[in-house]
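> Take a look and give me a structure for this.
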Amino acid sequence: MSSRDEVHRPGYLVIQADEGGTYVGGLMVTDPSGLPVDFRFTDPVTPTRLQRALYGGVLDRYLRTEVVLRTLMEALEQPPSLLVVDDPALLDEPVDRCPMAFVGPSRSAAIGAPGARSGQGSNTFLLQTSDTGHPLRVTLPADSQDEEHVAAALVAVSERMDVLEPLERVRDALGVIVAQGAAL
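Numbers count the residues shown, from 1 in each chain. Presented below is the predicted three-dimensional model:
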């Protein structure tokens with residue numbers, strides 16, 4: 001199956017921590033046009049003083065990766081074909097079930113036809129996803145071998161949707177969850 005024939009189901013992961021140290025995460029998987037096909041979230045998690053003392057400097061990483069990221073990925077019935085995260089630090093803890101990428105806008109001029117790439121240093125590249133407009137800045141985990149797959153998926157999905165917009169929807173959903181105390 002070529003990447004053009006492949007059914008892309010991008011996933012969008014957002015993890016938020018407030019000033020009080022409460023963490024909440026949401027993961028939305030969409031179809032290739034951006035319609036949600038699955039959404040999972042964590043209840044807000046606030047570590048205790050004892051947990052803060054025991055985990056020290058690794059508490060943030062533990063909560064983001066083990067408590068939120070892995071819990072949400074395991075809850076999905078089917079993994080996404082690509083996991084887009086809004087925090088590049090999550091790339092330090094890649095998941096086995098699908099490729100992962102931090103994707104953001106760039107201010108660079110167009111670099112060519114859709115699919116054109118320009119290296120930007122270690123594991124980061126610019127990717128032109130449309131005929132016009134700015135390319136996306138894509139960063140992969142340090143040992144990733146998924147650049148071809150990630151680029152093809154992002155270009156294919158960009159034909160029918162704004163690749164970055166679903167992250168905003170997940171952020172909005174997390175705002176609703178926190179405001180309602182996760183009683184949905």
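> Need phi/psi at residue 123.
Here is the backbone geometry of residue 123 (degrees, to the nearest 10): phi 60, psi 20.
> wait, isn't it in contact with residue 146?
No. Applying Cβ atoms under 8 Å, one finds residue 123 not in contact with residue 146, separated by 10.4 Å. All C-beta spots, glycine's among them, are computed from the backbone N, C-alpha and C.
> overlap in contacts of these two?
Both residue 123 and residue 146 are in contact with residue 140, where contact means Cβ atoms under 8 Å, 6 or more residues apart in numbering.
> can you list the weak-confidence ranges in this structure?
Low-confidence segments of the chain, defined by pLDDT under 70: 1-6, 182-184.
> All the strands of it, residue numbers only.
Taking DSSP state E to define them, one finds strands in the chain at 10-17, 23-30, 36-41, 82-85, 100-105, 117-119, 124-127, 136-139.
> The fifth one pairs with which strands, parallel or anti?
Looking back up the chat, that one is strand 100-105. Here the strand partners of strand 100-105, with direction, are listed using DSSP bridges: strand 82-85 (parallel), strand 136-139 (antiparallel).
> which residues touch the last one?
Taking contacts as Cβ under 8 Å, 6+ apart, the residues outside strand 136-139 that touch it are 88, 91, 101-106, 120, 123-127, 129, 150-151, 154, 163-164.
> now with 10 Å?
For strand 136-139, the surrounding residues in contact (Cβ atoms under 10 Å, 6 or more residues apart in numbering) are 84-85, 88, 91, 100-108, 117, 120-130, 147, 150-151, 154-155, 158, 163-164.
> Show the secondary-structure elements that the lengthiest helix in the chain is packed against.
Ordering each helix of the chain by length in residues (DSSP state H) puts helix 165-179 first. Helices and strands touching helix 165-179, by 3 or more Cβ pairs under 10 Å, 6 or more residues apart in numbering; DSSP states H and E, are strand 10-17, strand 23-30, strand 36-41, strand 82-85.
> repeat that for 6 Å
Helix 165-179 makes packing contacts with strand 10-17, strand 23-30 when contacts are defined by 3 or more Cβ pairs under 6 Å, 6 or more residues apart in numbering; DSSP states H and E.
> Thought residue 47 was touching residue 22, still the case?
No. The pair formed by residue 22 and residue 47 falls short of the contact definition of Cβ atoms under 6 Å, at 8.7 Å.
> Now tabulate the strands paired with strand 100-105 in JSON lines and tack on mean neighbour count.
Rendered in JSON lines, the data for the strands paired with strand 100-105 read as follows (neighbours: other Cβ atoms under 10 Å):
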{"stretch": "strand 82-85", "mean neighbour count": "25"}
{"stretch": "strand 136-139", "mean neighbour count": "21"}
